[in-house]
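In: Everything below, folded, please.
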Amino acid sequence: MSKYKKKRESAKLDLTPLIDVVFLLIIFFMVTTTFNNFGSVQIDLPSSTIQQTDKNKSIEIIIDKDGKYYISEDGKITQVQFSDLDTYLKSAKEATVSADKNLKYQTIMDVITKIKENGVDNLGLTFYE
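Out: Below you'll find the model as predicted:
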């Protein structure tokens, strides 16, 4: 056994030649690659028109404590019958039901059902005293 330990040199890999080869390969493939130039195809697209609908207004259905129905539309309040709600709802995009808080639940559900039957998806509910 020797008194002095010999230091072992660790093996070092020099990556410089490897990086050079990789860059040369990248340059080679970039230069030799051909890109296909595909011709354009003319397509006749169908024309379309946007149809304007009346279904863009909002109405408010007010139900008082006696069960009477009112329509608030463009700032005007009109008393209507339950059966007449269809004519107002067909042209509405959104509706708000304002009802007395002491009103029967079934009365409110009847109005909500009529609103959904007429295709109004945006519905708001408010209650007052």
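
In: Just confirm Leu89 contacts Asn118, I think it does.
Out: Yes - with contact defined as CB atoms under 8 Å, Leu89 counts as touching Asn118 (3.8 Å). C-beta coordinates here come from the backbone N, C-alpha and C atoms, glycine included.

In: the more surrounded of those two?
Out: Taking other CB atoms under 10 Å, Leu89 and Asn118 do not tie; Leu89 has more neighbours (21 against 17).

In: Relative to Asp64, how far out is that one?
Out: Applying CB to CB, to the nearest Å, the value for Leu89 to Asp64 is 19 Å.

In: Repeat that for Phe82.
Out: Here Phe82 is placed at a distance of 13 Å from Asp64 (CB to CB).

In: cool, Asp110 as well?
Out: For Asp110, the distance to Asp64 (CB to CB) stands at 15 Å.

In: what's the answer for Lys57, then?
Out: To Asp64, Lys57 is 23 Å away according to CB to CB.

In: show me where pLDDT drops low in this protein?
Out: Applying pLDDT under 70 to the chain flags residues 1-2, 37-41, 43, 48-56.

In: any chance you could map the helices in it?
Out: Under the criterion DSSP state H, helices of the chain are mapped to 16-32, 85-89, 105-117.

In: which residues make contact with the last one from outside it?
Out: Residues lying outside helix 105-117 but in contact with it, judged by CB atoms under 8 Å, 6 or more residues apart in numbering, are 61, 63, 67, 69, 82, 85-86, 89, 95, 97, 99, 123, 125.

In: out of those residues, which one sits closest to Asn36?
Out: Of all those, Leu123 has the smallest distance to Asn36: 55.7 Å, by CB to CB.

In: Touching, that closest one and Lys93? I think so.
Out: No - using CB under 8 Å, Leu123 is not in contact with Lys93; the gap is 10.9 Å.

In: Pull out the buried residues from stretch 18-31.
Out: Neighbour counts over stretch 18-31 (16 or more other CB atoms under 10 Å) mark no residue as buried.

In: List the contacts of that stretch.
Out: For stretch 18-31, contacts defined as CB under 8 Å, 6+ apart pick out no residues.

In: biggest strand in the protein by residues?
Out: Secondary structure of the chain read by DSSP state E shows that its longest strand is strand 92-100.
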